[in-house]
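Engineer: give the three-dimensional model of this entry:
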Amino acid sequence: MKDDLIKRIRSLPPLPKTIDEFEKAVGKEDVDLEEVVEILQRDPMLVADILKYVNSSFYGLREKIEDLGRAVSYLGIQEVRSIVMQNSIKKLFNIDMEPYGITAERFAHISHMQSKLMELWYKKHNPAKARFLKLAAFLQELGKIVIADIIIQEDMVYPFRSEIEMTNDVAYVEKSFVGASASEVTGAMFDYWVLKKSLFCQ
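Structural biologist: Residues are numbered from 1 along each chain as shown. Sure thing, here's the model as predicted:
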């Protein structure tokens, strides 16, 4: 991994306090739902996202859920965890995916579809891990945001994008330009944020 990439990762802002408190609360043996709800309520925008998600057409609820506690109970901790992470990522990054030839909206859509496919696949084969791995699938492409930022800063958008468009091996192109693949960058980001254990160990 190149020095400029390491420096970029180490310059990332810390995760919001809400995430730290949320992770500690849901990491306990006996999760206290009231404590989780209390933590989430400190972030009105996050609450709005959770309520918007639970009332989306995806779930097809007959009655609108307006209470955060009910929403968390209905969605489950892992689903709420995904929403918390997505919300925080939006706040932390100015997402510009031009080097990959896609918009920020398209990138978010792809990440969401990957996570849904992971969930649907594991529901058939290992239901216990389905929601847990859904979050991992969503986050696996997080490193692309940092790589795109470096490519833009170093004015390498055109050559990088040209290489991306000519190959199916995106990881190889990433490594040739910044010294690491997106998944490796994501891992380094998790190490920096001390998130890997809480997100990927059950």
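Engineer: least confident secondary structure element in this structure?
Structural biologist: helix 196-200 (a mean of 49; mean pLDDT, DSSP states H and E).
Engineer: what segments of the chain are strands?
Structural biologist: Per DSSP state E, the chain carries no strands over any range.
Engineer: in it, which helix is the longest?
Structural biologist: Ordering each helix of the chain by length in residues (DSSP state H) puts helix 104-125 first.
Engineer: now for that helix, which elements pack on it?
Structural biologist: Taking 3 or more Cβ pairs under 8 Å, 6 or more residues apart in numbering; DSSP states H and E as contact, the helices and strands that helix 104-125 lies on are helix 127-139. Placement of C-beta: from N, CA and C, glycine included.
Engineer: where does Ala148 land on pLDDT?
Structural biologist: pLDDT for Ala148: 94.
Engineer: please report how far the closest residue to it other than its chain neighbours lies from Glu23.
Structural biologist: Of all residues not flanking Ala148 in the chain, Pro99 sits nearest, at 4.6 Å (Cβ to Cβ, 6 or more residues apart in numbering). Using Cβ to Cβ, to the nearest Å, we find Pro99 at a distance of 31 Å from Glu23.
Engineer: who's more crowded, these two?
Structural biologist: Neighbour totals were compared for Pro99 and Glu23, and Pro99 leads with 24 against 20 (other Cβ atoms under 10 Å).
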